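> generate a structure from the sequence data that follows.
(one chain, ligands or ions: 1)
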Amino acid sequence: MTEQNLNFIDEVRRRRTFAIISHPDAGKTTLTEKFLLYGGAIRSAGSVKSRRSQKHAVSDWMEIEKQRGISVTSSVLQFEYNNFCINILDTPGHQDFSEDTYRTLMAADSAVMVIDSAKGVEDQTKKLFQVCKMRGIPIFTFINKMDRTGREPFELLEDIENVLGIRSCPMNWPIGSGKDFKGVYNRHKEQIEVFDDGNHGQSIADAIKGDLTDEKFNDLLGPGLHEQLMGDIELLDIAGDNFDLDKILKGELTPVFFGSALTNFGVEPFLESFLDITMPPTPRISNLGEIDPESDNFSGFIFKIQANMDPAHRDRIAFLRICSGKFEKGMAVNHVQRNKKVKLAQPQQFVAQDRVMVTSAYPGDIIGIHDPGIFNIGDTLSAKQSKLKYKGIPQFAPEHFATISTKNSLKRKQFLKGITQIAQEGAIQVYKRPNIGIEEVIVGVVGVLQFEVLEYRLKNEYGVDITMQRLPYRYIRWVEMDNFNAARFSMTMDTMLVENKDEEPVLLFQNEWSIRQIIERNEGLSLRETSLVE
Ligand code: GDP
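Okay, the predicted model is just below:
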């Protein structure tokens, strides 16, 4: 093996690519920032732009524009820690929760789930968890805000198991909570780690470490906490799920860590243990079988397309997850879906908080490439194998629907062009009612803010004013049925039948009752919650 080969393989094996999922305000931004702090990518906490300042009134257009810009740099971060090269994928929350949030999970190899200790499992976490589960990727749980009075640790574990349906295995255990939160017991190393919050989490927290029975902890913790800890550990050892690497890697068991991102308590033990357990990029499924990341053909797929902030430039950035081989600047590769060679121009990477030009990148890395409007979500790029296609990225179920039409029918063409391009970026899904002209479409979105972004962009980038009427539907299902015949299909009054762009039938429902009714009434019907884009 040549030296170059060895280096390539070392580079692949030190990559870890994960997404952070949570409900807004659980502490995702704070935890990410602390990772950067421990990795040495930032010198003091507080330097990453607070997400708070990005929250905005829904109708504030300048803010939306700003947010679209910010989310490019904050959605992918790369940093180094202990010789690992780590890629973090942020999953947008708040009002900018959208299909992109789900799609980002397709590019990750594992997920970190942040839970607020006072709130337990919340709605958005649940939705994102389902996608991780569908992919069968390992999910690591960080129970945050232990420095605040929250729910009991055992109760939180129960919540994870009951609400998410995944078994859990605590990797560490909190020592005290709220004002009395002192640190964690590391079950793997069998040691107590008591933290010192010298400067309120701005810099790395020092820890005093030692054996569970070490007498110094009697004084440090006080006898009450020390005894309680010993009791808890005993109970866990008897009643808890055992650590099982195989189950963790299949996403059947989640290792749980307690900590406080704000004060840095438990952040480093989490990072260390997480990196220890997670795997380098694993093979990805394609039409040619599993593709080994260490094979020398450069390949990857596009999972996100970001429109340019500047309306004068219609170009976009496509986010590519590298799956195999080495990327080198200026490379010409096959764009498989279009059967064309493309030169990957202006490749960018997102290191810590900055965008930089990439000269080389490896499997597990995410690069942003200039897109003159040719890429679609799910497209494969491959240097040598021009027939290689990675498994498509599903369309996830929108939860909000509206009828949209152009106010001026002379602008039909621009209207359609705008809708088609914005749909191509994956911000909206477009449906049609059978036998209705092209000047009216039904749009579905995952996050309601997308409606406003759509209206704004159609006006500003395509010069089209629209009329929008919100529809009462909340659920979408893709129809699977041999010999589907709309005329003979039995519906309920409050359900709508629409078509996707390939004229395939899709149903919109207002409630779950109707979904059940329609399944009962139509023999041989099955309904899917996601749709695979090929
Ligand atoms: P995100 O919406 O999940 O990204 O949450 P942020 O990281 O922005 O945190 C939301 C709020 O919770 C902020 O005010 C943080 O300062 C606070 N926060 C985050 N982590 C902790 C923690 O460990 N303890 C406490 N007390 N507050 C925290």
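> so which residues of the stretch 151-300 of the chain form strands?
Under the criterion DSSP state E, counting those that start in this stretch, the stretch 151-300 of the chain carries strands at the ranges 167-170, 172-175, 183-186, 191-196, 206-211, 253-258, 284-286, 289-291, 299-307.
> would you tell me which of those strands gets closest to the ligand?
Across the strands of the stretch 151-300 of the chain, the ligand has its closest neighbour in strand 253-258 (10.4 Å, Cβ to the nearest ligand atom). Where C-beta positions appear, they are placed from N, C-alpha and C, glycine not excepted.
> pLDDT of the host helix or strand of Val453, averaged?
Assigned by DSSP states H and E, Val453 belongs to helix 449-462. For helix 449-462, mean pLDDT rounds to 88.
> the chain should start at 40 in everything you say after this.
In the new count, where the first residue is 40, that last one comes out as helix 488-501.
> same for it, what does it pack against?
Using 3 or more Cβ pairs under 8 Å, 6 or more residues apart in numbering; DSSP states H and E, the elements in contact with helix 488-501 are helix 100-114, strand 439-445, helix 451-463, strand 479-484, strand 505-510.
> can I get the CA coordinates of the next helix or strand after the first one in CSV?
With elements assigned by DSSP H and E, the helix or strand that comes after helix 100-114 is strand 115-120. What follows is strand 115-120 as a C-alpha-only set of coordinates in CSV (Å, rounded to 0.1, in the frame of the first residue of the first chain):
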residue,chain,number,x,y,z
VAL,A,115,-22.4,22.2,9.0
LEU,A,116,-19.4,22.6,11.3
GLN,A,117,-16.1,20.8,11.2
PHE,A,118,-13.6,20.7,14.0
GLU,A,119,-10.9,18.6,15.4
TYR,A,120,-10.8,16.9,18.8
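> in strand 115-120, which residues are buried?
By 16 or more other Cβ atoms under 10 Å, the buried positions in strand 115-120 come out as 115-118, 120.
> how many other residues sit next to Gly78?
19 (other Cβ atoms under 10 Å).
> now do the contacts for it.
Contacts for Gly78 (Cβ atoms under 8 Å, 6 or more residues apart in numbering) come out as 118-120, 125.
> quick check: it vs Ile231, distance?
25 Å (Cβ to Cβ, to the nearest Å).
> got the residues of the stretch 290-439 of the chain near the ligand?
299-301 (Cβ under 6 Å from any ligand atom).
> quick check: residues of the chain near the ligand?
Residues of the chain lying close to the ligand (Cβ under 6 Å from any ligand atom) are 61, 63-69, 90, 132, 183-184, 186-187, 299-301.
> for Lys426, which of the strands of the stretch 190-339 of the chain is the nearest?
Taking Cβ to Cβ, strand 323-325 is the member of these nearest to Lys426, at 9.5 Å.
> need the residues that contact stretch 192-209.
Residues from elsewhere that reach stretch 192-209, judged by Cβ under 8 Å, 6+ apart: 154, 156, 159-160, 165, 168, 172, 178, 180, 182, 189-190, 212-213, 216, 226, 271, 275, 279-283, 286-287, 290-297.
> can you say which of those are buried?
Taking 16+ other Cβ under 10 Å as the criterion, what is buried in the contacts of stretch 192-209 is 154, 156, 159-160, 168, 172, 178, 180, 182, 189-190, 212-213, 216, 226, 271, 275, 279-280, 286-287, 290, 292-297.
> now the nearest residue to Gly563 once chain neighbours are set aside: how far from Gln388?
Leaving aside its sequence neighbours, Gly563 sits nearest to Met520 (Cβ to Cβ, 6 or more residues apart in numbering; 5.7 Å). Remark: distance between Met520 and Gln388 (Cβ to Cβ) = 45 Å.
> more neighbours: which of these two?
Counted by other Cβ under 10 Å, Met520 and Gln388 do not tie: Gln388 has more neighbours, with 21 against 14.
> tell me the pLDDT of the nearest residue to the more buried one once chain neighbours are set aside.
Computed as Cβ to Cβ, 6+ apart, the closest residue to Gln388 that is not its neighbour in sequence is Val397, at 4.4 Å. With respect to pLDDT, Val397 scores 86.
> same question for Met269.
With respect to pLDDT, Met269 has a value of 88.
> residue contacts, the closest residue to it other than its chain neighbours?
Leaving aside its sequence neighbours, Met269 sits nearest to Leu251 (Cβ to Cβ, 6+ apart; 6.6 Å). By Cβ under 8 Å, 6+ apart, the residues touching Leu251 are 224, 229-231, 268-269, 272.
> so of the helices and strands packed on helix 488-501, which one's packed in deepest?
Using mean count of other Cβ atoms under 10 Å, the stretch among these with the largest mean neighbour count is strand 479-484, at a mean of 22.
> who does it pair up with?
Strand 479-484 pairs in its sheet with strand 439-445 (antiparallel), strand 468-470 (antiparallel), by DSSP bridges.
> mind listing what's buried along stretch 355-372?
Applying 16+ other Cβ under 10 Å to stretch 355-372 flags 355-366, 370, 372 as buried.
> what's the offset of it from the middle of its chain?
On the basis of Cα atoms, centre = their mean, to the nearest Å, stretch 355-372 sits 20 Å off its chain's mean C-alpha point.
> name the residues that touch stretch 452-466?
Applying Cβ under 8 Å, 6+ apart, the set of residues contacting stretch 452-466 is 137-139, 142, 343-346, 353, 355, 412, 415-416, 443, 445, 467-469, 477-478, 480, 482, 484, 489, 492-493, 496-497, 500-503, 505, 540.
> picking that back up, look up how far Asp129 lies from the residue nearest to Gln388.
19 Å.
> for Ser216, same thing?
Ser216 is 28 Å from Asp129, by Cβ to Cβ.
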